[in-house]
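Engineer: need a 3D model of the sequence below.
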Amino acid sequence: MTSPDSEQTLTADVLVVGGGPAGTWAAIKAAETGATVVLADKGYTGASGATASVGTGIWYVDDVPELREAAMAAREGLGGHLADRDWMTRVLDETHARMDELARVQRYPFPVDDRGRQLRGDLQGPEYMRRQRTRVQRLGVRILDHTPALELLADADGVVSGARALDRRTGESVRIEAGAVVLAAGGCAFRSKTLGCDVNTGDGALLAVEAGARLSGMEFSNAYAIAPKGTSLTKTAYYSWANFYHADGSVLEGAASQGGRSAIARALLHEPVYARFDRATPDDQRAMRKGQPNTFLVFDRLGIDPFTDLFEITLLAEGTVRGTGGVRIADHDCSTDVPGLYAAGDTATRELICGGFTGGGSHNAAWAASSGSWAGRGAADFATRRARPGRRLRPVGTAGLRPTGVVSVDHREVVADVQRQVLPYDLNYLRHADRLGPALRSLHETWSAVREGLGASGEEVFRAREAAAMVAHGRWMYHAALQRTESRGMHKRIDRPERDPAQHYRLLTGGLDEVWSRPESAPRTAVVAGGRAA
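Structural biologist: Predicted coordinates:
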């Protein structure tokens, strides 16, 4: 660990951990209340993370009752009827307001239709995040780039009161004391090389659980994205126009971007799979190139015309980046179960609006903007009502920071161990208790080794924390997956293929050395279109 002797101390009303869409919106909304805000980002705010890499859709629906009803109903079944209509409505309202603000204040150049009306269903990530950074800076927020949070600080009553971080440029430890903390550090993609997600190692969830928070929906964390083999291009929206093929050119039956990735995964276990966007009309092709030009840069550099050429594909794990699991949200202000701690974006569960299924940008981008805004306001309000934390704060970090024995474990070996258990399709995607059980036992063994012997100093300390967070995520995911003995949402159990009405509940998970999972409440009553109970 970095020596406290070289520690710099900062104070603020609100500390935001993470500089993606959720983190920047949290910083903006907290600063607008007059709160002093520090934003600490593992990368460079505005340029790192999944959104900053390429375009994204956003769940933007005009305030027309029929359109809103259709938008909400369209995804409820996919998510196993675990979403909440009140939260969905709030997100639709908030997203509408935030995109209006993005156009009006940040001057984001939304394209226009033939009538001059702005089209707000898509965002170009690099431009969006560049303008977010500029807005954050103009509001007086102090941005700490390349400064990953290592652990949270809490007072004697357990109220979260800041964090310790590492300034990677100087090697100096930074202590940030704050009246409230927003965790918006992204989800966990296990360094699978999915686009823009190498920084997404699940740090936020580990920080939260160490402080006493609970998780929700961790079984819905087995998202896999389609990508051209050998690339990290995991933008999957356009695969709706694709057909999928065996090596001999015959169609792979049952394969599809939505509802057919299991067929792709099964085939990939023993043969290559190919795709082609051959269902796109000439008008579709022009619109696709205009909508996500960065997507086609990869194909162009490879000399592939995806509309006419077959190209080999793979599936890359995206975990809680496109899954719905994350830190449990306890109230409408995105507070968690721990006082002083708020969660937003991929760090927080998305079950409230997606249930057990999510996909590409769309709902995820809307949730990031909405939850970030609520968390920022909520944290600022909490900090205003609270007396400034005292100096006697205790750090709550564990694995990778304070080994119980002699340092003997290398973080690179830990990451490799985790990836062997969470990346293969036949373990994480095509789930079966006979494979999940041994994989979970292996992850428990890795965690025990991490707790006893993983430690580091200087630059390596945050890498050790990343490795610890990935082990923790794998254990939480598989423990929840074994507890949910049915198939629901993206959680598909080959050995339990049917949906069980008695398990119509959200599943809470938590714990560090001892992992647990239990239903949040009694079984819920699903309501389908028309107000009938399912």
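
Engineer: in the stretch 301-450 of the chain, where is pLDDT below threshold?
Structural biologist: 359-360 (pLDDT under 70).

Engineer: number of nearby residues for the residue nearest to residue 299 when sequence neighbours are not counted?
Structural biologist: In this structure, residue 299 finds its nearest non-sequential neighbour in residue 306, 5.1 Å apart by Cβ to Cβ, 6 or more residues apart in numbering. All C-beta spots, glycine's among them, are computed from the backbone N, C-alpha and C. By other Cβ atoms under 10 Å, the residues close to residue 306 number 25.

Engineer: test my guess that residue 306 contacts residue 279.
Structural biologist: No. Using Cβ atoms under 8 Å, residue 306 is not in contact with residue 279, being 11.5 Å away.

Engineer: let me see the ranges of the helices in the stretch 51-200 of the chain.
Structural biologist: Taking DSSP state H, counting those that start in this stretch to define them, one finds helices in the stretch 51-200 of the chain at 65-76, 85-104, 125-138.

Engineer: can you list the buried residues in the first one?
Structural biologist: Across helix 65-76, burial judged by 16 or more other Cβ atoms under 10 Å covers 68, 71, 72, 75, 76.

Engineer: what of the longest one?
Structural biologist: Taking 16+ other Cβ under 10 Å as the neighbour-count basis, helix 85-104 is seen to contain the buried residues 87, 88, 90, 91, 92, 94, 95, 96, 98, 99, 101, 102.

Engineer: now tell me what touches it from outside.
Structural biologist: By Cβ atoms under 8 Å, 6 or more residues apart in numbering, the surrounding residues in contact with helix 85-104 are 25, 58-63, 68, 71-72, 108, 110, 118, 120, 128, 131, 332, 352-353, 363, 366-367, 369-370, 373-374, 527.

Engineer: which element, helix or strand, includes residue 377?
Structural biologist: helix 361-385 (DSSP states H and E).

Engineer: can you name the next helix or strand after that helix?
Structural biologist: Assignment by DSSP H and E places the next element after helix 361-385 at strand 394-395.

Engineer: which helices and strands does that next one pack with?
Structural biologist: strand 149-154 (3 or more Cβ pairs under 8 Å, 6 or more residues apart in numbering; DSSP states H and E).

Engineer: C-alpha coordinates for the strand it packs on, PDB please?
Structural biologist: Extracted C-alpha coordinates of strand 149-154, given in PDB (Å, rounded to 0.1, in the frame of the first residue of the first chain):
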ATOM      1  CA  ALA A 149     -10.500   5.100  -5.700                       C
ATOM      2  CA  LEU A 150      -8.900   2.400  -3.600                       C
ATOM      3  CA  GLU A 151     -11.300   2.200  -0.600                       C
ATOM      4  CA  LEU A 152     -14.100   4.200   1.100                       C
ATOM      5  CA  LEU A 153     -13.800   6.000   4.400                       C
ATOM      6  CA  ALA A 154     -16.500   5.800   7.100                       C
END
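
Engineer: pairing partners for that strand, with directions?
Structural biologist: strand 160-167 (antiparallel), strand 394-395 (antiparallel) (DSSP bridges).

Engineer: and those strands, which is most packed in?
Structural biologist: strand 160-167 (a mean of 26; mean count of other Cβ atoms under 10 Å).

Engineer: and that strand, how far from the chain's centre?
Structural biologist: 21 Å (Cα atoms, centre = their mean, to the nearest Å).

Engineer: contact partners of that strand?
Structural biologist: Against strand 160-167 from outside (Cβ under 8 Å, 6+ apart): 2, 7-8, 15, 17, 40, 144, 146-155, 172-181, 207, 211, 338-341, 389, 393, 395, 397, 459, 461-462.

Engineer: which members of the residues you listed occur in strands, if any?
Structural biologist: Among the contacts of strand 160-167, the ones falling in strands (DSSP state E) are 8, 15, 17, 40, 144, 149-154, 172-181, 341, 395.

Engineer: about what we covered before: list the contacts for the residue nearest to residue 299?
Structural biologist: Contacts of residue 306 (Cβ under 8 Å, 6+ apart): 238, 275, 276, 277, 296, 299.

Engineer: doesn't residue 244 belong to a strand?
Structural biologist: Yes. Counting by DSSP: H, G, I helix; E, B strand; the rest coil, residue 244 is located in a strand.

Engineer: now do the contacts for residue 500.
Structural biologist: Residue 500 neighbours (Cβ under 8 Å, 6+ apart): 485, 486, 488.

Engineer: which one of these sits in the busiest neighbourhood?
Structural biologist: residue 488 (24 neighbours).

Engineer: can you name the residues that contact it?
Structural biologist: Here residue 488 is in contact with 80, 82, 356, 499, 500, 503 (Cβ under 8 Å, 6+ apart).

Engineer: now restrict the residues you listed to buried residues only.
Structural biologist: 80, 82, 356, 503.

Engineer: tell me the one of the residues you listed nearest residue 217?
Structural biologist: residue 356 (6.8 Å; Cβ to Cβ).

Engineer: for the closest one, give me its contacts.
Structural biologist: Here residue 356 is in contact with 79, 80, 82, 217, 219, 220, 324, 488, 489, 490, 491 (criterion: Cβ under 8 Å, 6+ apart).

Engineer: please report phi then psi for the residue nearest to it when sequence neighbours are not counted.
Structural biologist: In space, and not counting its chain neighbours, residue 356 is closest to residue 489: 2.0 Å by Cβ to Cβ, 6+ apart. Here is the backbone geometry of residue 489 (degrees, to the nearest 10): phi 60, psi -140.

Engineer: burial of residue 489, as a residue count?
Structural biologist: 26.

Engineer: and it, what does it touch?
Structural biologist: Counting by Cβ under 8 Å, 6+ apart, residue 489 has contacts 78, 79, 80, 82, 220, 324, 355, 356, 357.

Engineer: hmm, residue 357 and the first one touching each other?
Structural biologist: I take that to be residue 78. Yes. With contact defined as Cβ under 8 Å, residue 78 counts as touching residue 357 (4.3 Å).

Engineer: ok, those two, which is more surrounded?
Structural biologist: The neighbour comparison of residue 78 against residue 357 (other Cβ under 10 Å) goes to residue 357, with 26 against 18.

Engineer: so how far is residue 406 from the residue lying closest to residue 407 once chain neighbours are set aside?
Structural biologist: The shortest distance from residue 407 to any non-neighbouring residue, by Cβ to Cβ, 6+ apart, is to residue 455 (4.1 Å). Per Cβ to Cβ, to the nearest Å, residue 455 is found 9 Å from residue 406.
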